[in-house]
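>>> give me coordinates for this.
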Amino acid sequence: MSAPESPSPPVPVFNIANILTMSRLVMVPLFVVFMFLPEPGWRYAAFGVFVLAAVTDRIDGELARRRNLVTDFGKLADPIADKALTGAALVVLSLLGELWWWVTIAILVREWGITALRFAVIRYGVMPASRGGKLKTVLQVVAIAVYLFPLPEPLHLVAHVVMAAALVVTLVTGADYVLQAIRLRRAARRSAEG
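Here you go, the predicted model:
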């Protein structure tokens, strides 16, 4: 008879993946301050901070999965850090008159609305991030990065095109998550009734 397996030790909250997530949150106010400083060099600094923060998002998720460092704190803090970073960038760009407010509002309403929806249906099940949701995040980050980098006037069209693609994917995936939530709720109710 084999000896019973000992339970694996709990994953510490203070681990490299969560430290990277928290560093991303710390970078948000730094990015905002750099964006409002008048000298042109600060714009490059803001761009660098934004790109570094976006890269940490990729790295912390990989580390958490590969080294088995997934924690409840990380599951909660990671999407908050993502939304804080992209949300701050969109609002700042709109405040500076470089991005239409309606684009910022549409994206933010979708982002926070889907987050609220996920919490609302959590008792029926978890809505995992879809491939479309991941594509949406990549397009948003690329679009914002293109806006942040000081481009010559003719190349501003590139920023608008990439942002338009990001907006379309953001809204389409938002509608898909709403449908997922409806299906999840119906399935849970059917199984409760049956």
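>>> please count neighbours and contacts with C-alpha atoms only from this point.
Noted.
>>> chain center to the helix or strand encompassing residue 44: distance?
Residue 44 belongs to helix 41-66 when assigned by DSSP states H and E. Distance of helix 41-66 from the chain centroid (C-alpha atoms, centre = their mean, to the nearest Å) equals 12 Å.
>>> which elements pack onto it?
Here helix 41-66 touches helix 16-36, helix 72-95, helix 131-148, going by 3 or more C-alpha pairs under 8 Å, 6 or more residues apart in numbering; DSSP states H and E.
>>> quick one, the first one and helix 41-66 angle?
It refers to helix 16-36. For helix 16-36 against helix 41-66, the angle by axes from the mean of the first three to the mean of the last three C-alpha atoms, to 10 degrees is 160 degrees.
>>> packing partners of helix 16-36?
Packed against helix 16-36 by the contact rule (3+ C-alpha pairs under 8 Å, 6+ apart) you find helix 41-66, helix 72-95.
>>> save those as CSV, and put in distance to residue 126 and mean pLDDT too.
Converted to CSV, those look like this (distance: least, C-alpha to C-alpha, whole Å; pLDDT from 0 to 100):
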stretch, distance to residue 126, mean pLDDT
helix 41-66, 18, 88
helix 72-95, 12, 87
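>>> can you list those in TSV and add distance to residue 167?
Output for the helices and strands packed on helix 16-36, formatted as TSV (distance: least, C-alpha to C-alpha, whole Å):
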stretch	distance to residue 167
helix 41-66	18
helix 72-95	12
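>>> right, and those helices - which one's nearest residue 24?
Smallest distance to residue 24 across the helices and strands packed on helix 16-36 (C-alpha to C-alpha): 5.2 Å, for helix 41-66.
>>> list the buried ones in that closest one?
By neighbour count on 16 or more other C-alpha atoms under 10 Å, the buried set for helix 41-66 is 42-51, 53-54, 56-57, 60-61, 63-64.
>>> report the angle between that helix and helix 131-148.
With the same axes, to 10 degrees applied, the angle from helix 41-66 to helix 131-148 works out at 160 degrees.
>>> so where's this structure shaky on pLDDT?
Low-confidence segments of the chain, defined by pLDDT under 70: 1-13, 128-129, 194.
>>> could you pick out the longest helix of it?
The single longest helix within the chain, with elements called by DSSP state H, is helix 156-193.
>>> determine the set of other helices and strands touching it.
So helix 156-193, by 3+ C-alpha pairs under 8 Å, 6+ apart, packs with helix 101-120, helix 131-148.
>>> would CSV of these with mean neighbour count be doable?
Shown next, in CSV, are the helices and strands packed on helix 156-193 (neighbours: other C-alpha atoms under 10 Å):
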stretch, mean neighbour count
helix 101-120, 15
helix 131-148, 19
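>>> can I get the ones you listed in JSON lines with distance to residue 76?
Converted to JSON lines, the helices and strands packed on helix 156-193 look like this (distance: least, C-alpha to C-alpha, whole Å):
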{"stretch": "helix 101-120", "distance to residue 76": "11"}
{"stretch": "helix 131-148", "distance to residue 76": "17"}
